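1. Sequence and computational prediction follow.
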Amino acid sequence: MNFNKIVEMNDISFKYDRETVVENIDLTIEQGQFLGLVGPNGSGKSTLIKLMLGIVKPDKGDVKIFGKPIKQFNQWEEIGFVSQKANSFNSGFPATVLEVVKTGLVSRIGAFKFFNRKHKEKALEALRTVEMEEYANTNIGELSGGQQQRVFIARALVSDPSLLILDEPTVGVDAKHVTAFYDLLGKLNQDKGISLLMVTHDIGTITEHATHVVCMNKTIHFHGASEEYKEFDDEDLNRLYGHSVQQLTHNHDHEEIRP
Ligand SMILES: Nc1ncnc2c1ncn2[C@@H]1O[C@H](COP(=O)(O)OP(=O)(O)OP(=O)(O)O)[C@@H](O)[C@H]1O
């Protein structure tokens with residue numbers, strides 16, 4: 001879609017019950033950006049995404065998607081979303097990879113319409129992009145976590161989104177496949193022109209790949225170019241977050257600990 005600002009969040013606050021978990025957030029995602037969203041556990045990252053997708057409504061502030069107030073926005077095929085738990089199908093799940101990817105077209109063609117040959121081609125093309133075409137007829141549950149994650153990216157890509165949002169996509173992905181996964185994201189961003197927002201705890205790796213980094217802990221403490229973030233020393237980071245940067249780390253075994 002031809003509008004430079006994909007997402008605009010203006011002075012957003014949100015609370016579950018009585019606890020405010022997102023406070024006074026201003027955030028814009030522009031076409032072409034690859035944003036890494038980092039912050040400690042429970043800092044509101046997933047909630048921020050829910051606010052962006054209209055899954056929860058802010059108590060204060062407004063969200064615009066492609067310049068339209070979120071309430072009026074209805075072209076949701078423009079925003080692809082891969083959730084944290086996408087790669088957790090067990091081996092008995094009765095759907096092939098191709099069938100899973102085709103469900104990504106439902107918002108475009110309607111839930112009760114039939115898939116045709118064109119849709120199959122689209123799904124195969126998305127699988128080619130993530131280098132999983134050869135598994136089209138394999139049951140999704142037979143794939144590894146990393147392979148399943150690629151399939152879910154294909155499902156999000158099949159409707160040609162402008163922005164792909166990924167919530168901790170490397171959790172459960174074998175460490176040796178994480179590099180290839182980032183290469184895939186780089187290809188989507190640079191070759192296909194898809195904007196990316198990725199939630200991660202892997203600060204070291206994300207700053208190597210993303211164009212921009214957003215650090216949040218209820219509110220945004222830093223939003224700028226990855227290059228700028230990489231210049232920070234421990235003291236700068238402690239000042240940014242108001243506490244030790246160690247609190248930014250997570251206990252996933254395969255993830256890096258330090259920026
Ligand atoms: N549905 C809910 N009802 C009540 N509180 C919630 C709900 N979802 C999240 N929270 C709380 O809101 C806060 C922010 O949670 P959120 O999941 O957005 O953080 P996060 O940064 O994504 O965390 P993590 O890195 O652990 O995934 C946490 O304190 C969490 O316990």
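-> Structure received.

2. Could you count how many residues lie near Lys102?
-> 22 (other C-beta atoms under 10 Å). Placement of C-beta: from N, CA and C, glycine included.

3. so what's it closest to, chain neighbours aside?
-> Nearest residue to Lys102, sequence neighbours excluded (C-beta to C-beta, 6 or more residues apart in numbering): Ala123, at 4.8 Å.

4. Counting by contacts, list what the host helix or strand of that neighbour packs against.
-> Assigned by DSSP states H and E, Ala123 belongs to helix 117-129. Helices and strands touching helix 117-129, by 3 or more C-beta pairs under 8 Å, 6 or more residues apart in numbering; DSSP states H and E, are helix 97-102, helix 145-157.

5. Show the secondary-structure elements that the first one is packed against.
-> Packed against helix 97-102, as judged by 3+ C-beta pairs under 8 Å, 6+ apart, are the following elements: helix 117-129, helix 145-157.

6. How about the last one?
-> In this structure, helix 145-157 packs against strand 79-82, helix 97-102, helix 117-129, strand 163-167, helix 175-190, with contacts taken as 3+ C-beta pairs under 8 Å, 6+ apart.

7. Each with direction, which strands does the fourth one pair with?
-> Within its sheet, strand 163-167 is paired with strand 79-82 (parallel), strand 195-199 (parallel), according to DSSP bridges.

8. what's the neighbour count on Gln148?
-> Residues near Gln148, counting by other C-beta under 10 Å: 24.

9. is the residue nearest the centre of the chain in a bridge, and if so with what?
-> With distances taken as C-alpha atoms, centre = their mean, Leu166 lies nearest the centre of the chain, 1.7 Å away. Legend: beta-bridge partners of Leu166 under DSSP bridges are Val82, Met198.

10. which residues touch it?
-> Contact analysis of Leu166 by C-beta atoms under 8 Å, 6 or more residues apart in numbering lists Phe81, Val82, Ile153, Leu185, Leu196, Leu197, Met198, Val199.

11. Assumed Lys15 was part of a strand.
-> Yes: the assignment for Lys15 is a strand, going by DSSP: H, G, I helix; E, B strand; the rest coil.

12. what's the spacing between Val21 and Gly44?
-> 5 Å (C-beta to C-beta, to the nearest Å).

13. Equivalent analysis for Lys230, please.
-> 24 Å.

14. quick one on the thing from earlier: specify which member of the contacts of Leu166 is nearest to Arg128.
-> Nearest to Arg128 out of the contacts of Leu166 is Ile153 (C-beta to C-beta; 12.3 Å).

15. The closest one: what's its closest spatial neighbour, skipping adjacent residues?
-> Using C-beta to C-beta, 6+ apart and skipping the chain neighbours, the partner closest in space to Ile153 is Val130 (5.3 Å).

16. low-confidence ranges in this protein?
-> Residues of the chain that meet the criterion pLDDT under 70 lie in 2, 85-92, 107-115, 240-259.

17. and it, which residues reach the ligand?
-> Within the chain, the positions adjacent to the ligand are Tyr16, Val21, Gly39, Asn41, Gly42, Ser43, Gly44, Lys45, Ser46, Thr47 by C-beta under 6 Å from any ligand atom.

18. Figure out the length between the terminal residues of stretch 104-124.
-> Using C-alpha to C-alpha, to the nearest Å, the end-to-end distance of stretch 104-124 comes to 12 Å.
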